[in-house]
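Trainee: I need the structure of the sequence given here:
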Amino acid sequence: MEQRKKIAIIVAGGSGTRMGSAVPKQFLELSGKPVLWHTVNAFATAFPDIHIVLVLPEPHFDYVRPWLHEFSTGVVVTLVKGGETRFHSVKNGLSEVKEPAVVFVHDGVRPLISTALIRSCYETALSAGSAIPVIDMKDSIRQIEGEQNKAVDREQFKIIQTPQTFLSEWLLPAFSLPYDPLFTDEATVVERQGHRVHLVPGEEANIKITRPLDLTIASALLKERS
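Mentor: Numbering: from 1, shown residues only. Down below sits the predicted model:
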């Protein structure tokens, strides 16, 4: 199968307000390392020749500089300044894509992503153009319409995860579009260009750390792995 350059744009712009913490959530300690370290390490382990683009608010660069050298020698890590929205942050990260590549866009606060899922997203994007990991909804859900609410079939809905993964020739033109508040993730931007996005099975453990409880769960899952 064709091999391509691999670029992971890891977006870590959170301020940690929901965690009730002075330290942004991506730098909180998880099993002795910052959350974001685990995220970067997952991609560095999946592909030892990967280029990782860390998109952060500029004042946060000093949080990551001490450990950027800790990954295998073929891994390049570049720091890029974030933008005012996720769209603008990803767009800034895409400025590092200089040649045809498979581009992963991943949340910095999803540190438990497995190398298997990263590789599966790469293979699917190579053959289908894109790979969006999803998991099933377990809870019953209701739709609220004004004063009314109604039960809806959860089978018709999926929970979206990252890394949202694309061929660069899909992603770069999509991000040259003007910003629209309806762009909630990379898939919605690519769809605006007329591409159909391809869903792949995600992972229950690929959780997003936004509240103190998530950190407790992540810590337990990491202990189980090791």
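Trainee: Please name the nearest non-neighbouring residue to residue 61.
Mentor: Spatially, and ignoring its direct neighbours in sequence, residue 61 is nearest to residue 79 (5.4 Å; C-beta to C-beta, 6 or more residues apart in numbering). Using the backbone N, CA and C atoms, a C-beta is placed for each residue, glycine as well.
Trainee: What separation do you get for the one you found and residue 163?
Mentor: 19 Å (C-beta to C-beta, to the nearest Å).
Trainee: Looking at the two, which is more packed in?
Mentor: residue 163 (29 against 15; other C-beta atoms under 10 Å).
Trainee: circling back: am I right that the residue nearest to residue 61 sits in a strand?
Mentor: Yes. Assignment of residue 79 by DSSP: H, G, I helix; E, B strand; the rest coil places it within a strand.
Trainee: which ones are touching it?
Mentor: Contacts were defined as C-beta atoms under 8 Å, 6 or more residues apart in numbering; by that measure residue 79 touches 54, 56, 61, 64-65, 68.
Trainee: how about the helices in the chain?
Mentor: Ranges of helices in the chain, per DSSP state H, are 35-46, 61-64, 86-94, 115-128, 168-174, 186-192, 212-225.
Trainee: quick one, which of these is packed in tightest?
Mentor: helix 35-46 (a mean of 22; mean count of other C-beta atoms under 10 Å).
Trainee: That helix vs helix 212-225, what angle?
Mentor: Orientation note: helix 35-46 sits at an angle of 40 degrees relative to helix 212-225 (axes from the mean of the first three to the mean of the last three C-alpha atoms, to 10 degrees).
Trainee: what's the distance between helix 35-46 and the middle of its chain?
Mentor: The chain centroid and the centroid of helix 35-46 are separated by 11 Å, computed with C-alpha atoms, centre = their mean, to the nearest Å.
Trainee: who does it touch, helix- and strand-wise?
Mentor: For helix 35-46, the packing partners by 3 or more C-beta pairs under 8 Å, 6 or more residues apart in numbering; DSSP states H and E come out as strand 5-11, strand 51-56, strand 101-107, helix 115-128, helix 212-225.
Trainee: would CSV of these with mean pLDDT and distance to residue 33 be doable?
Mentor: As requested, those are exported to CSV (pLDDT from 0 to 100; distance: least, C-beta to C-beta, whole Å):
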stretch, mean pLDDT, distance to residue 33
strand 5-11, 97, 15
strand 51-56, 97, 15
strand 101-107, 98, 17
helix 115-128, 97, 17
helix 212-225, 94, 10
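Trainee: Quick one: closest of the ones you listed to residue 196.
Mentor: Distance to residue 196, taken as C-beta to C-beta, is lowest for helix 115-128 among the helices and strands packed on helix 35-46, at 8.9 Å.
Trainee: who's in contact with the closest one?
Mentor: With contacts defined as C-beta under 8 Å, 6+ apart, helix 115-128 is touched by 1-2, 4, 6, 42-43, 45-47, 102, 104, 130-131, 133, 163, 165-167, 198, 200, 202-203, 206.
Trainee: what's the distance between residue 100 and residue 40?
Mentor: 23 Å.
Trainee: What residues does the spatially most central residue of the chain make contact with?
Mentor: The centre of the chain sits closest to residue 106, judged by C-alpha atoms, centre = their mean, with a distance of 1.4 Å. Residue 106 makes contacts with 8-11, 39, 43, 113, 162-164, as judged by C-beta under 8 Å, 6+ apart.
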